[in-house]
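In: 3D model of this:
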Amino acid sequence: MKVLFIFLATILFLFSCNKNSTHPVPSIPFDVIIDINLPSYSDLIGVSGYAMVNAGSKGVIVYRRGIDEFIAFDRHSPADVEGSCAFPLTPDSDNYLVLNDTCNNATFSLYDGSPISGADYGLRQYQTTWNGNESVRIFN
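Out: Next up is the predicted model:
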């Protein structure tokens, strides 16, 4: 009986993993390095700054969460499953730590990518590395 229980629990776990592994935002391979000393990325010089990068599905937003910590998310909203919205996620005019999906009325946290309202999935996150001086690598 115990073996049957373990078998059924394993099957349920595998099915739940498959369900959660399908993210609605497509994974577009890229690997870019940005120089935060350039004018288009200079907002990243200080903690809490953000900048847009041409990469990913509908662009990427990079946020400097700490002195040595950068986080990057795709600007394609997970609430826009078909990808039909012409507008990528944009920072809220009253609170830049909230990203708005104007087509689907969904909101997301720039701090950690979690959905705030109107979506079941968080933002597609990309890997980042900081060289400790002037460049940030963003990739998947």
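In: Name the residues of the helix or strand I138 falls within that come out as buried.
Out: Using DSSP states H and E, I138 maps to strand 135-139. Across strand 135-139, burial judged by 16 or more other Cβ atoms under 10 Å covers V136, R137, I138. (Each C-beta comes from the backbone N, C-alpha and C, glycine too.)
In: pLDDT added to these, as TSV?
Out: Listed next are the buried residues of strand 135-139 as TSV, based on pLDDT from 0 to 100:
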residue	pLDDT
V136	98
R137	98
I138	98
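In: what's the closest of those to F87?
Out: I138 (21.5 Å; Cβ to Cβ).
In: Which residues are in contact with the closest one?
Out: 30-34, 53, 55, 60, 62, 70, 72, 126-128 (Cβ atoms under 8 Å, 6 or more residues apart in numbering).
In: repeat that for 7 Å
Out: V32, V53, A55, V60, V62, A72, Y126, T128 (Cβ atoms under 7 Å, 6 or more residues apart in numbering).
In: Let me know whether T102 touches F87 as I believe.
Out: Yes: counting by Cβ atoms under 7 Å, F87 is a contact partner of T102 at 5.4 Å.
In: How far off centre is stretch 67-81?
Out: Relative to its chain's centre, stretch 67-81 lies at 2 Å (Cα atoms, centre = their mean, to the nearest Å).
In: low pLDDT regions in the chain?
Out: 1-21 (pLDDT under 70).
In: Determine which residue lies closest to the centroid of it.
Out: F73 (2.5 Å; Cα atoms, centre = their mean).
In: tell me which residues form a beta bridge with it?
Out: I61, Q125 (DSSP bridges).
In: Can you give me the distance of it to G132?
Out: Distance, F73 to G132, using Cβ to Cβ, to the nearest Å: 22 Å.
In: before we move on, what about F30?
Out: 23 Å.
In: Same check on P78?
Out: For P78, the distance to G132 - Cβ to Cβ - is 32 Å.
In: the more surrounded of these two?
Out: Higher neighbour count among P78 and G132: P78, with 23 against 8, using other Cβ atoms under 10 Å.
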